[in-house]
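**Q** Model the following, please.
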Amino acid sequence: MRPRVLLADDHALVAEGLARLIGDVADLVGQVNDGVRLVEEVRRLRPDIVVADITMPGMSGIVAMCQV
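**A** Prediction:
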């Protein structure tokens with residue numbers, strides 16, 4: 001079974017590139033562009049893996065991961 005991945009990055013070009021790479025080896029279950037949505041989607045989707053930018057609007061990826 002392929003892992004379920006949630007991607008969080010506020011830079012559209014970076015997110016698009018990462019999404020393509022992730023899609024080759026895992027199921028991309030969601031994509032967000034800020035820390036607040038990251039927390040919400042982790043709780044809702046319960047992914048196996050989270051790939052998160054550390055600097056995003058609203059809340060950093062590091063702070064967001066501490067909240068889930």
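
**Q** tell me what the helix or strand hosting L38 is packed against?
**A** Per DSSP states H and E, L38 falls inside helix 35-45. Packing partners of helix 35-45 (3 or more C-beta pairs under 8 Å, 6 or more residues apart in numbering; DSSP states H and E): strand 4-8, strand 27-32, strand 49-52, helix 61-66. In this view, the C-beta of every residue, glycine as well, is placed from N, C-alpha and C.

**Q** Tell me which of the ones you listed is the most buried.
**A** strand 4-8 (a mean of 22; mean count of other C-beta atoms under 10 Å).

**Q** Show me the strands paired with that strand, marking each as parallel or antiparallel.
**A** strand 27-32 (parallel), strand 49-52 (parallel) (DSSP bridges).

**Q** Tabulate those strands (a markdown table), appending mean pLDDT and distance to G17.
**A** A markdown table is the format used below for the strands paired with strand 4-8 (pLDDT from 0 to 100; distance: least, C-beta to C-beta, whole Å):
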| stretch | mean pLDDT | distance to G17 |
| --- | --- | --- |
| strand 27-32 | 98 | 12 |
| strand 49-52 | 97 | 12 |
